[in-house]
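Trainee: The sequence and its predicted three-dimensional model are supplied below.
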Amino acid sequence: MKTIVKSILCTAVLVMSASGVMAEQAGNSRLDQWYRAKYGRNSPMAEARQKAGRENTANREQVTPETGKVAASAWLDQWYRAKYGRPSPLEKARRRTERDDRIR
């Protein structure tokens, strides 16, 4: 009788530990929360999950070469204005062409 009870208990412990390991791998929220509390950022596994989610998500915005030029010129205009206190020559030309287009 003792061997039957021991084998049942051992089997139950093995089944519970196996299911616990599987559940821990799926969620891993406890480890993520601890890592975030300790280091102030997401764990590497959570960051990898988020990166994979971002890569698999379709973005509606398409980046064109012109968009990069606009961002670069906006930075240059801000830098020029901060340094010299007036709009850059490119900004002045852009404003002049916009004004001329509105007048026509």
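Mentor: Right, received. Where do you want to start?

Trainee: which SS state does the residue lying closest to Ser73 once chain neighbours are set aside fall under?
Mentor: In this structure, Ser73 finds its nearest non-sequential neighbour in Leu90, 6.3 Å apart by Cβ to Cβ, 6 or more residues apart in numbering. (Glycine included, C-beta is placed from N, CA and C.) With DSSP: H, G, I helix; E, B strand; the rest coil as the basis, Leu90 sits in helix.

Trainee: Tell me where the chain has helices.
Mentor: 2-27, 29-39, 44-56, 65-84, 89-103 (DSSP state H).

Trainee: what would these look like in JSON lines with mean neighbour count and mean pLDDT?
Mentor: Formatted as JSON lines, the helices of the chain follow (neighbours: other Cβ atoms under 10 Å; pLDDT from 0 to 100):
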{"stretch": "helix 2-27", "mean neighbour count": "10", "mean pLDDT": "77"}
{"stretch": "helix 29-39", "mean neighbour count": "12", "mean pLDDT": "84"}
{"stretch": "helix 44-56", "mean neighbour count": "11", "mean pLDDT": "86"}
{"stretch": "helix 65-84", "mean neighbour count": "11", "mean pLDDT": "76"}
{"stretch": "helix 89-103", "mean neighbour count": "10", "mean pLDDT": "87"}
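
Trainee: Distance of Pro44 relative to Leu31?
Mentor: The gap separating Pro44 from Leu31 is 11 Å, by Cβ to Cβ, to the nearest Å.
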